[in-house]
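Undergrad: Only the shape, not the letters, is given here:
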């Protein structure tokens, strides 16, 4: 039996929900009576709409006469029966996302009782049904199942469309996916990377609407996700992880809005997360391939290769090898044999907007960079990224062409070597800042330096070896601090009077007058050379 009053209530709910949409308006509303569309008293059309009368249990795009866009939207009742339709007009054809929002809005006006869609029924709690009642109940369940299927198909189609739709003003494919998921669920959405950083949002004005999850929180979420295969309820959000293997690549989050999460919300979240997994896995594969290709190219560049081959391979990676290039090497303590320093150096160069090819060799990161990377922020940004300042960076001189890159690499290594074995081993050093070290640390100078060091420090070295003292180091610190007693004593962690006693012993052993400028210069050069020779592997 047709319940006109109930149908009018359902139609009224649909009118109120759809009226809130900004991209279209309701031109007319119809009730279904005995299979015919009867104009609603509150939304009667000014002119009879023949197209709307031809509607049969489905949404229908009407003829193009009149407004730019006309559409007949079906309105179903609580039991899944067709109660009527709304005729919508708009000045422009709605986008796929707007159509998804329209259908989602219409479907939310008809709540389906959980006991009719769960698929489980407690027969003992129900009164016996007549054959007619049983048939009617089955029809309602079938109708509700069909509605659920259509709704989920609509959600799938909308989310699938993000894979190929133009980005427009969206920053990324993930931003578009978040926007569509927000529309179909009516909730705010956040997309996170594997570290919990928010990379895309939709429906929220806050860049960080909830605290960043800690490592322990993310580990707990991953365990629950693997155990249940379902999104995990966390404070302020429902989280689904992209976890193809052991590493979390990212997460999709539906934020709370005061309304309990529904089965449709969970379905949409899980489906969107599967699409996000495809996108992130694709990115990771490309990044790994680029890393391998880039690593091989960096090795060959610093070892020496011809310009034509280098240009072709660099162009394939989107890197311009023409023009001045510098080589940068970086090493952190304690030594790191994974890619953490490589990643930090790459992020640093990206932040400084310096094009680069970055790779790793043993426990050291090395990069070939375009232009002039001699920014004083390079070390500080890398240290901030690694959360450690116990590192050293060496920067080689500019190469005019590809054939000079090996020379820049050698210079970067010398700059790193000098920095690591200086009184201040942490920081960055450019090759053109080496000063006298450019002479002292030149390849092939070992024989001359040995004689020079022996001439000026031989007596002290013999005394240290015989007595187990450390007078050469004391002299080096004293000269490095410009003859300042207090600073030298502090660096040696000894008393000022102890330093005076040692310096007196040094003068007596060597026979040199430490106050003579020329003597001090030669001793200072000799101690620098001694330090470099001591640091070289035997």
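TA: Structure's in. What do you need? Everything quoted here is computed from the prediction, not taken from an experiment. Numbers count the residues shown, from 1 in each chain.
Undergrad: so where's the stretch 351-500 of the chain shaky on pLDDT?
TA: Counting by pLDDT under 70, the stretch 351-500 of the chain shows low-confidence ranges at 373-376, 435-449.
Undergrad: now the strands for it?
TA: Counting by DSSP state E, counting those that start in this stretch, residue ranges of the strands within the stretch 351-500 of the chain are 356-361, 364-370, 391-395, 427-430.
Undergrad: Partner strands of the last one and their direction?
TA: If I follow you right, that is strand 427-430. Using DSSP bridges, strand 427-430 pairs in its sheet with strand 391-395 (parallel).
Undergrad: what residue lies at the spatial centre of this structure?
TA: Nearest to the geometric centre of the chain sits residue 193, at 4.9 Å (Cα atoms, centre = their mean).
Undergrad: Looks like it contacts residue 212 (just checking).
TA: No: with contact defined as Cβ atoms under 8 Å, residue 193 does not count as touching residue 212 (11.0 Å). Where you see a C-beta, it was placed from the backbone N, CA and C, and this is true even at glycine.
Undergrad: Show me whatever sits in contact with both of these two.
TA: When Cβ atoms under 8 Å, 6 or more residues apart in numbering defines a contact, no residue borders residue 193 and residue 212 alike.
Undergrad: all strands of the stretch 151-300 of the chain, in order?
TA: Counting by DSSP E, counting those that start in this stretch, the segments of the stretch 151-300 of the chain that form strands are 189-193, 198-202, 232-234, 237-242, 250-255.
Undergrad: right, and those strands - which one's nearest residue 489?
TA: Each of the strands of the stretch 151-300 of the chain was scored for nearness to residue 489 using Cβ to Cβ, and the closest is strand 189-193 (50.3 Å).
Undergrad: what residues are up against residue 410?
TA: Here residue 410 is in contact with residue 396 (Cβ under 8 Å, 6+ apart).
Undergrad: Which residues are in contact with the nearest residue to residue 167 once chain neighbours are set aside?
TA: Nearest residue to residue 167, sequence neighbours excluded (Cβ to Cβ, 6 or more residues apart in numbering): residue 176, at 6.1 Å. By Cβ under 8 Å, 6+ apart, the contact set of residue 176 is 162, 165, 167, 170.
Undergrad: Just the buried residues from the residues you listed, in PyMOL please.
TA: This is how PyMOL selects the buried members of those, with burial counted by 16 or more other Cβ atoms under 10 Å:
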select buried, resi 162+165+170
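Undergrad: Ranking the strands of the stretch 351-500 of the chain by mean neighbour count, which comes first?
TA: Looking across those with neighbours counted as mean count of other Cβ atoms under 10 Å, the highest average goes to strand 391-395: a mean of 26.
Undergrad: That one vs strand 364-370, what angle?
TA: Between strand 391-395 and strand 364-370, the angle formed by their directions is 40 degrees, by axes from the mean of the first three to the mean of the last three Cα atoms, to 10 degrees.
Undergrad: Any idea how many residues pack against the spatially closest residue to residue 266 that is not a sequence neighbour?
TA: The spatial neighbour of residue 266 that comes closest, neighbours along the chain excluded (Cβ to Cβ, 6+ apart), is residue 231 at 6.0 Å. By other Cβ atoms under 10 Å, 24 other residues sit near residue 231.
Undergrad: Okay then, goodbye and thanks.
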